[in-house]
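S.K.: okay, here's the prediction I keep looking at, along with the sequence it came from:
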Amino acid sequence: MKNIFFPVLIVFAVLFATACQTEQEAQLPKAPKNIILLIGDGMGVSEVYAGLTANGGSLNLEKCTHYGYSKTHSASGYVTDSGAGGTAISTGVRTYNGAIGVDTDSLPLKTILEFAEEKGLSTGLVSTSSITHATPASFISHQKSRNYYEAIAADFLKTDVDVIIGGGRHNFMKRADSVNLIEQLIQNGYAVKYDMEDVNSTESGKLFGLTADAHNPRYSEGRGDMLPEATETAVRLLSANDNGFFLMVEGSMIDWGGHANDIKYITEEMLDFDRAVGEALKFAEADGETLIVITADHETGGLGINGGDFATGEVIGGYTTKGHTGVMVPVFAFGPGADAFAGIQKNTDLFDKMMKLLKLNDDSSLQ
Ligand code: MG
Ligand code: ZN
């Protein structure tokens, strides 16, 4: 009899232990292994709603489960610029408008990308603008002014970032100091690619994709699916690291549509950004260990929506400025840790929360 029941008992014991473990795991707040931060430059609630209307009433970012707001003012202004706005999110410190990864004394601040790199995660930056422009620059560079594009480009060489895809080729190869940073990038082990076909065919390793001399063209002028494709490629390459990854993707030109007070420009860039969001969410849904955070550095244009039509996609907008505004911007989150982003928060809180969730600040030597 013993010989029959003993194996049965073992099976029950194992089943019971497995059930308990699963229950216990489900109760624990699951921390993400990876974070994909998507920044729509200039993307306020109105810009989101303009895109949603133009898309017939829905967007990919609606899959997010938790929502909040970010208070965007900088150390020097009620209204921020993208340098201070990006630096707040990348370093957790409010600084002056125009600053790139430095504090109000122009001293360098360590960015989440640098913390992640130090802990053995893979890192990446993707943007439709030049990769040396304020938003991506604030994650990797430390300069007194956002206008020091060539110095910002040189700062990329001081890091071990794994994947870069954006414009800005001239800042690396047609420089006032005549230094060809491309040669140095190749020496540092990067595959340097100049168009999206080559970028997308990269199978593994470190990638530096510079797909335009300066900024990539706006969507309606031939950029194609550069941003969603770059997002997919970056995620594919970065996710090869078992330690996890941090990726920032910027839809740079929602802001430019806002500056131009051009609703068509805003909506087409918003929809393009949302397609990149769709790629990130697709990966996160399948992966289960990836936190998606979608937000903006500030709103641009003071866009109000006075009318629209979901059937035709028409949006009627009005504006308060050709510049940025001071309003809170939305935060959307999905995946493990998403609940931390609900509610009203400071832009600098986004850094603190991402750092904590990726366990990047558990070293007392770090600030
Ligand atoms: Mg930007
Ligand atoms: Zn702007």
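M.R.: Received it, and whenever you're ready, just let me know what you need. Ligands and ions are numbered 1, 2, ... in the order given.
S.K.: find the closest residue to ligand 1 in the stretch 151-300 of the chain.
M.R.: Closest residue of the stretch 151-300 of the chain to ligand 1, C-beta to the ion: Ser252 (4.5 Å). Heads up, the C-betas are built off the backbone N, CA and C, glycines and all.
S.K.: OK, contacts around that residue?
M.R.: Residues in contact with Ser252 (C-beta atoms under 8 Å, 6 or more residues apart in numbering) are 41, 127-129, 133, 135, 215.
S.K.: can you check Lys322 too?
M.R.: Contacts here follow C-beta under 8 Å, 6+ apart; on that basis Lys322 touches 259-261, 301.
S.K.: likewise for Tyr194?
M.R.: Taking C-beta under 8 Å, 6+ apart, one finds 169, 209-211 in contact with Tyr194.
S.K.: in CSV: those, plus secondary structure and distance to Asn97.
M.R.: Shown next, in CSV, are those (DSSP: H, G, I helix; E, B strand; the rest coil; distance: C-beta to C-beta, whole Å):
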residue, secondary structure, distance to Asn97
Arg169, helix, 27
Gly209, strand, 29
Leu210, strand, 27
Thr211, coil, 28
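S.K.: out of those, which two sit at the greatest distance?
M.R.: Greatest spatial distance among the contacts of Tyr194 (C-beta to C-beta): Arg169 and Gly209, at 9.8 Å.
S.K.: in the stretch 51-200 of the chain, what residue is nearest ligand 1?
M.R.: Thr135 (3.2 Å).
S.K.: in helices, which of the contacts of Lys322 fall?
M.R.: His259 (DSSP state H).
S.K.: among the contacts of Lys322, who's most crowded?
M.R.: Compared across those, Gly301 has the highest neighbour count, 28 neighbours, by other C-beta atoms under 10 Å.
S.K.: any idea how far that one is from Ala286?
M.R.: As for Gly301, its distance to Ala286 is 36 Å (criterion: C-beta to C-beta, to the nearest Å).
S.K.: one more: Val249?
M.R.: For Val249, the distance to Ala286 - C-beta to C-beta - is 18 Å.
S.K.: comparing those two, which shows the higher neighbour count?
M.R.: More neighbours surround Val249 than the other of Val249 and Ala286, with 29 against 8 (other C-beta under 10 Å).
S.K.: could you pull up the residues touching that one?
M.R.: Applying C-beta under 8 Å, 6+ apart, we find Val249 in contact with 36-39, 126-127, 227, 230-231, 234, 276, 280.
S.K.: switch to 7 Å and redo it
M.R.: Neighbouring residues of Val249 by C-beta atoms under 7 Å, 6 or more residues apart in numbering: 36, 38, 126, 231, 276, 280.
S.K.: same question for the one helix or strand the fifth one maps to: list its buried residues.
M.R.: Assigned by DSSP states H and E, Ala276 falls within helix 263-287. Buried positions in helix 263-287, judged by neighbour count with 16 or more other C-beta atoms under 10 Å: 263, 265-284.
S.K.: residue ranges with poor pLDDT in the stretch 251-367 of the chain?
M.R.: Judged against pLDDT under 70, the low-scoring parts of the stretch 251-367 of the chain cover residues 362-367.
S.K.: near ligand 1, which residues of it?
M.R.: Residues of the stretch 251-367 of the chain lying near ligand 1 by C-beta under 5 Å from the ion: Ser252.
S.K.: residues of stretch 311-324 that come out buried?
M.R.: 313, 315, 317, 319, 324.
S.K.: and the furthest pair within those residues?
M.R.: Using C-beta to C-beta, the pair of the buried residues of stretch 311-324 lying farthest apart is Gly313 and His324, separated by 26.2 Å.
S.K.: so Phe246 sits against Ile36, correct?
M.R.: No - contact criterion C-beta atoms under 7 Å: Phe246 and Ile36 do not qualify, at 8.2 Å.
S.K.: quick one: Met253 from Ala311, how far?
M.R.: Separation of Met253 from Ala311 (C-beta to C-beta) stands at 26 Å.
S.K.: kindly report the same for Ala276.
M.R.: 26 Å.
S.K.: sorry, back to before: now the contacts of Tyr194 as CSV including distance to ligand 1 and pLDDT?
M.R.: Conversion of the contacts of Tyr194 to CSV gives the following (distance: C-beta to the ion, whole Å; pLDDT from 0 to 100):
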residue, distance to ligand 1, pLDDT
Arg169, 18, 98
Gly209, 18, 98
Leu210, 17, 98
Thr211, 16, 98
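S.K.: and these, which is closest to Phe341?
M.R.: Gly209 (29.1 Å).
S.K.: would you check how far apart the residue of the stretch 51-200 of the chain closest to ligand 1 and Gly222 are?
M.R.: Taking C-beta to C-beta as the measure, Thr135 falls 22 Å from Gly222.
S.K.: between the two, who's got more neighbours?
M.R.: Thr135 (30 against 9).
S.K.: got phi/psi on that one?
M.R.: With angles defined as degrees, to the nearest 10, Thr135 sits at phi -60, psi -60.
S.K.: surely it meets Gly86?
M.R.: Yes - look at Thr135 against Gly86 with C-beta under 7 Å: they come within range, at 4.6 Å.
S.K.: any common contacting residues for those two?
M.R.: Asp297.
S.K.: mind listing what Leu350 touches?
M.R.: For Leu350, the contact set (C-beta under 7 Å, 6+ apart) comprises 70, 89, 293, 295.
S.K.: neighbour-wise, which one of those leads?
M.R.: Result: Val293 is most packed of those (other C-beta under 10 Å), 29 neighbours.
S.K.: so what's the residue count around Asp195?
M.R.: 12.
S.K.: leaving out the residues flanking it, which one is nearest to it?
M.R.: With C-beta to C-beta, 6 or more residues apart in numbering as the criterion, Asp195 has its nearest non-adjacent residue at 6.0 Å, and that residue is Thr211.
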